[in-house]
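[1] Got a sequence here, can you build the structure:
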Amino acid sequence: MTEPNVSQPAPASRGRLKLILIMLVFLAPIVAAGVLTLSGWQPTGKGNGQPIQPQRSFADVRIDLAKGGTYAWRDSEPRLTLVALPGPDCSTSCISTLELMRNARITLNRNADRLRLLYVGKPPATQPVVMNDWTVGADVAGKLETFRPTQPDTVSAVLVESNTTALSLYPAGFDPSGLRKDMQKVIR
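    Next comes the predicted model:
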């Protein structure tokens, strides 16, 4: 009985074929990303706050603390700062938002210590328990006034990176749950 004439690929050819397949597996995502970028598509990954453009550093912003001293933007360890800037007459609505901001920090669980809360302005007339979690200070030079709301009983917020770069602005009327989501993305 005669065997059909079937040629087997040489072992070197099989090795090259495997190498080419492995290279294609790693090269395909890079090519796909290049095609998507050249076609103009970019992932959004949009945060809930408004980006601060142009970026600015808060290193030269002096905050005099109510308990004495000045606020140190750069801490001994990398920690972000959530700056609350109340409008005139911070009362019911403003205090409620401050409480939700504090609660957003609490939801960070073990990472809650990586966020500091700074209240810049005159504290509410009735000091609620919520203010116990905030460091209170004053911007004597008025460098943060562009971020402060002008409507009564409102509050805006600025999230500041540990290197003193302002990341995003949450203007008066912002959604505190959106702030919480942004903080969970940034603080890990």
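
[2] roughly how far apart are the residue nearest the centre of the chain and residue 87?
    The centre of the chain sits closest to residue 186, judged by C-alpha atoms, centre = their mean, with a distance of 4.2 Å. Noted for residue 186: a distance of 25 Å to residue 87, by C-beta to C-beta, to the nearest Å. For glycine as for every other residue, the C-beta is placed from the backbone atoms N, C-alpha and C.

[3] circling back to that earlier point, go ahead and confirm the residue nearest to the centre of the chain touches residue 165.
    No: contact criterion C-beta atoms under 8 Å: residue 186 and residue 165 do not qualify, at 11.9 Å.

[4] Identify the residues contacting stretch 114-122?
    Residues from elsewhere that reach stretch 114-122, judged by C-beta atoms under 8 Å, 6 or more residues apart in numbering: 63, 71, 75, 78-86, 90, 98, 101-102, 105, 108, 131, 133-139, 144, 148, 183, 187.

[5] what about burial for these, which qualify?
    Applying 16 or more other C-beta atoms under 10 Å to the contacts of stretch 114-122, the neighbour count classes 63, 71, 79-86, 90, 98, 101-102, 105, 108, 131, 133-139, 144, 148, 183, 187 as buried.

[6] Point out the ones among those residues that are inside strands.
    80, 81, 82, 83, 84, 85, 86, 135, 136, 137, 138 (DSSP state E).

[7] Closest one of the residues you listed to residue 171?
    residue 85 (9.9 Å; C-beta to C-beta).
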